[in-house]
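>>> using only what follows, build the 3D model:
(chains A and B)
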Amino acid sequence: MTQFLFRFVVGGIMVSLFALLADLLKPKSFAGLFGAAPSVALATLGLTIFKDGKSYAAVEARSMIVGAFGFFLYACACCYLMMKFRLPAIVATTSMLSVWLIFSIGFWLLFLR
Amino acid sequence: MRVSLDFSAFGRTKWYEYAVRFFFGGAITVITGLLAKRFGPSFGGLFLAFPAIFPASATLLEKHEREKKARAGILHTDRGRQAAALDAAGAAMGSIGLAVFGFTVWKLLPLWPSWAALLCGTAGWLVTSFTLWSIRKNH
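Below you'll find the model as predicted:
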């Protein structure tokens, strides 16, 4: 339980720091880069290296590449829906999480499992 | 266009908006750990690039831009949605940087000290994202 709480706090702090930086940066297209910052990855990999070792963390980092391409498809789909179909951000960004899930888990099932 | 810091954003962001991001950030870090434990690091690793915070960030950005226009007396505007779409375009470029981060850490972690591999990965993310952003801005 303590371990999960520690993970929660470290992850929360790391994500908040990157989000704060994104809030302060202008222009918004540049600040958007921080929407895909490796905040969760830094928190998780740091803790994983400490607990499970470098080889275990390296395998996670390899899979992360697939997740990142899923993120790329997700962000492109969100941008397209908001510009072309004028969908509110909340609708576009939550509904398109399915794109990330289908691509990333589908790729993992086909090639990484 | 030059990159700059706008400290007035501190005043626009409410405490519960920071709390939402903290919660989602903490939650996805715990979930990634649980998934890696249950299904192995190969599956759990996917979620290191899960866009957990992006919906909250884009929605807050849209809301802030709409409120800014409302304060200026403009009630019906697309500015908020356009800002959120720009944010998504930026995140798309950042996600390529995220793939570079993953590749760098994957290759360097077994060979280098952990801190150096993570630092190099972060630098790779920043340089790649900034380069893509600059190319897009100038063309």
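>>> only C-alpha atoms for contact and neighbour calcs from this point on.
Will do.
>>> how about A:A75, what does it touch?
B:A88, B:A89, B:A91, B:A92 (C-alpha atoms under 8 Å, 6 or more residues apart in numbering or on different chains).
>>> among the residues you listed, which are in reach of chain A?
For chain A, the contacts drawn from those by C-alpha under 8 Å from any C-alpha of the partner chain are B:A88, B:A89, B:A91, B:A92.
>>> what is the burial count for the first one?
Around B:A88 there are 34 other residues, counting by other C-alpha atoms under 10 Å in any protein chain shown.
>>> surely it touches A:L73?
No - contact criterion C-alpha atoms under 8 Å: B:A88 and A:L73 do not qualify, at 10.6 Å.
>>> spatially nearest residue to residue 27 (excluding sequence neighbours)?
Assuming you mean chain A. B:V3 (6.3 Å; C-alpha to C-alpha, 6 or more residues apart in numbering or on different chains).
>>> you looked at the wrong chain, it should be chain B
Leaving aside its chain neighbours, B:A27 sits nearest to A:F8 (6.0 Å; criterion: C-alpha to C-alpha, 6+ apart).
>>> now the one you found, what's its secondary structure?
helix (DSSP: H, G, I helix; E, B strand; the rest coil).
>>> and the pLDDT at residue 1?
If you meant another chain, say so; for now it's chain A. Looking at A:M1, its pLDDT stands at 78.
>>> should've been chain B
The model reports B:M1 with a pLDDT of 65.
>>> one more: the one 10 residues further on?
B:G11 carries a pLDDT score of 72 in this model.
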